[in-house]
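Engineer: model this:
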Amino acid sequence: MELFSLVCRQSPILVHVPHAGILTPKPVDPSRLNDPAAFRCTMWGVRDLYADTLGFGLADCLDATLMVNHVSRVWCDPERYPDDHEEMNRTGMGVIYTHGMDGRPLYKPGCEPDEAERAERLALAYTPWHRMLAEQCMRIADRHGRCLLVDMHSYPRCPHAGELHADEPRPLVDVGHNGDAAAARLAAHVTRALNRKGIGTAVNACYKGAMSVPDPRVVSLMLEVRRDAPIGRLKALLPDLIGEEWL
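Structural biologist: Here you go, the predicted model:
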C-alpha cells in the first residue's frame, strides 16, 4: 500500500497536498467504533476535495515537485501538532481523530486509540511524511537557494460542528502565510489578482498560516479553496499568478 506519492521536478517550488487521502494503513476494528458508517463518512467528509486536482495541475504547470498524502487525516493528520499545542484536541479532531464533524465520538467508550496505538500511527504516517517534506525542501533550497512550499487545501462553504473559528469570513480562496515578508508579498499578489477576476479572496481569514519548515530559505504559502469555488478557473489561473512572482 502506497501511503505517499512523491514526484520530483526541477523548479524551486514544492506543492504539498496533505489531506486528500482516505487510506487507513492499518484497518480499525469495526467493533471499536460507535458506527462504522459514521467513521467512513467522516473520512470522506474531512477529505480536502479538489486539493489533489488543483495540486496536480499547479505542479504540472510550474514543473514543481509534488507530495500527496494518501492516508486519511482521521487516521493520522500530518498538519496537526502531536501534543498539547494542538487546539483541535478540544474537539477530538487533533492529530488522531476521536470525534467526527458532528462532534460525536467515533469510538466506543474505552476503545479510543491508546498511547501505543497513537505512537504506531505517528511512526507509520506522521514522522515519515514530515521527514520527506523536510528532505525535499532542503533538496530544492540547496539547488536553487530558495524553495516555495505551496500548502494546498480545500474547505466547505458552511463550517462543521468541530470548527473552532466558524464565525470568521469564508472567502472562495483563503491565502495563508506565517508573517514573513516574502510570503506576505506573494499572498497579497495572489489575493489582488483573484479579486480582480471576481474570485473573492482574503489573507489569513478562517484558516491562517501555512505548513512550515525551519529553514529561512523556505517560504510557505497556504491555499485554502472553498469547495464551491470555480475549480476549473482556479486551476488555469493559479500557475500564472504564482509563477510570475516566484520563478
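Engineer: in the lengthiest helix in the chain, which residues are buried?
Structural biologist: The helix that spans the most residues within the chain, counting by DSSP state H, is helix 127-144. Judged by neighbour count (16 or more other CB atoms under 10 Å), helix 127-144 contains these buried residues: W129, H130, L133, Q136, C137, I140, A141. (Each C-beta comes from the backbone N, C-alpha and C, glycine too.)
Engineer: now the strands for the protein?
Structural biologist: Counting by DSSP state E, the chain has strands at residues 4-7, 13-17, 65-69, 147-155, 173-176, 201-203, 218-226.
Engineer: quick one: which of those is nearest L234?
Structural biologist: Taking CB to CB, strand 218-226 is the member of these nearest to L234, at 6.3 Å.
Engineer: tell me how many other residues crowd Q10.
Structural biologist: Q10 sits with 12 neighbouring residues when counted by other CB atoms under 10 Å.
Engineer: residue contacts, it?
Structural biologist: Contacts for Q10 (CB atoms under 8 Å, 6 or more residues apart in numbering) come out as D63.
Engineer: next, count neighbours for the nearest residue to V74 once chain neighbours are set aside.
Structural biologist: Nearest residue to V74, sequence neighbours excluded (CB to CB, 6 or more residues apart in numbering): Y97, at 4.4 Å. By other CB under 10 Å, the residues close to Y97 number 27.
Engineer: kindly report the same for A183.
Structural biologist: Other residues close to A183 by other CB under 10 Å number 23.
Engineer: isn't it up against G209?
Structural biologist: No: assessed by CB atoms under 8 Å, A183 is found out of contact with G209, at 9.7 Å.
Engineer: quick check: neighbours shared by the two?
Structural biologist: The contact sets of A183 and G209 overlap at H177 (CB under 8 Å, 6+ apart).
Engineer: quick check, nearest of the buried residues of helix 127-144 to R9?
Structural biologist: Nearest to R9 among the buried residues of helix 127-144, with distances taken as CB to CB, is I140, at 9.5 Å.
Engineer: separation between that closest one and R146?
Structural biologist: I140 sits 8 Å away from R146, going by CB to CB, to the nearest Å.
Engineer: name the residues contacting each of the two.
Structural biologist: Jointly contacting I140 and R146 under the rule CB under 8 Å, 6+ apart are P12.
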